[in-house]
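A.B. asks: Sequence plus predicted model, see below.
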Amino acid sequence: MARYIGPKSKIARKFQEPIYGFDKHLEKKKYPPGQHGQSKRRRKVSEYGVQLMEKQKAKYTYGILERQFKKLFNLASTKKGVTGENLLQLIESRLDNVVYRLGISPTRSGARQLVSHKHVEVNGAIVNIPSFLLRPGDVVMVREKSKNLEVVSESLAGHSNQYSWLEWDGSKMEGKFLNYPEREAIPENIKEQLIVELYSK
């Protein structure tokens with residue numbers, strides 16, 4: 001499956017946001033990458049450009065490709081409520097993202113790998129599809145044979161559950177997806193309305 005495997009600092013500098021966590025290069029170079037990054041005569045970005053950048057930022061943040069992202073948007077637009085909020089709620093309910101939020105993996109890419117390699121179960125059954133959408137009440141757990149994995153134990157050691165829509169039981173190494181999160185509770189700095197406007201054209 002195609003994934004971005006290039007320099008992460010370059011992406012963080014492009015959007016001027018720590019998309020992949022703390023980045024010392026972003027702190028030192030607070031301007032876009034490339035030979036014209038420091039130029040004061042940078043061309044003004046069009047309305048379409050601003051909307052496109054916001055969509056790309058969301059895709060890089062959550063590690064989702066265009067086809068999956070468009071599919072999630074179409075699903076969000078059929079649900080009741082605000083389409084932009086619905087979109088973020090659906091993205092947050094992806095299995096790889098929930099594994100990351102629960103602290104089973106320190107990164108979303110690592111969470112995706114754990115799921116793909118069959119280290120995670122949902123409601124007692126192995127699920128190896130990172131894009132699997134959870135529903136309220138679903139229980140996510142580390143597979144019995146995988147509980148001694150060093151990468152999992154190290155990640156959980158330095159993690160505390162800070163999300164109201166998730167419940168974690170450290171003794172059982174399992175978490176519960178309680179409900180879809182409210183927009184205010186989602187920490188990512190994404191202007192979802194710009195994405196809706198882009199797809200609505």
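C.D. replies: Cool, the structure landed.
A.B. asks: Please count neighbours and contacts with C-alpha atoms only from this point.
C.D. replies: Will do.
A.B. asks: can you list the domain ranges for the chain.
C.D. replies: Listed by automatic domain parsing, the domain ranges of the chain are 8-82+189-199, 94-179.
A.B. asks: now those as TSV including mean pLDDT and mean neighbour count?
C.D. replies: Below are the domains of the chain laid out as TSV (pLDDT from 0 to 100; neighbours: other CA atoms under 10 Å):
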stretch	mean pLDDT	mean neighbour count
domain 8-82+189-199	77	15
domain 94-179	94	18
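A.B. asks: Reduced to three states, what does S109 come out as?
C.D. replies: helix (DSSP: H, G, I helix; E, B strand; the rest coil).
A.B. asks: Could you list which residues are in contact with it?
C.D. replies: For S109, the contacting residues are G63, by CA atoms under 8 Å, 6 or more residues apart in numbering.
A.B. asks: The residue nearest the centre of the chain and I104: what is the separation?
C.D. replies: Centroid-nearest residue in the chain: Y62, 2.8 Å away (criterion: CA atoms, centre = their mean). Distance from Y62 to I104, counting by CA to CA, to the nearest Å: 16 Å.
A.B. asks: helix or strand for the spatially closest residue to E66 that is not a sequence neighbour, which one?
C.D. replies: Nearest non-adjacent residue to E66, counting by CA to CA, 6 or more residues apart in numbering: K59, 7.6 Å away. Applying DSSP states H and E as the criterion places K59 in helix 47-62.
A.B. asks: Pretty sure Q56 is one of the things K191 touches, is it not?
C.D. replies: No: counting by CA atoms under 8 Å, Q56 is not a contact partner of K191; they are 11.4 Å apart.
A.B. asks: what's near enough to touch V120?
C.D. replies: With CA under 8 Å, 6+ apart, V120 has these contacts: L114, I126, V127, N128, V140, M141, V142, R143.
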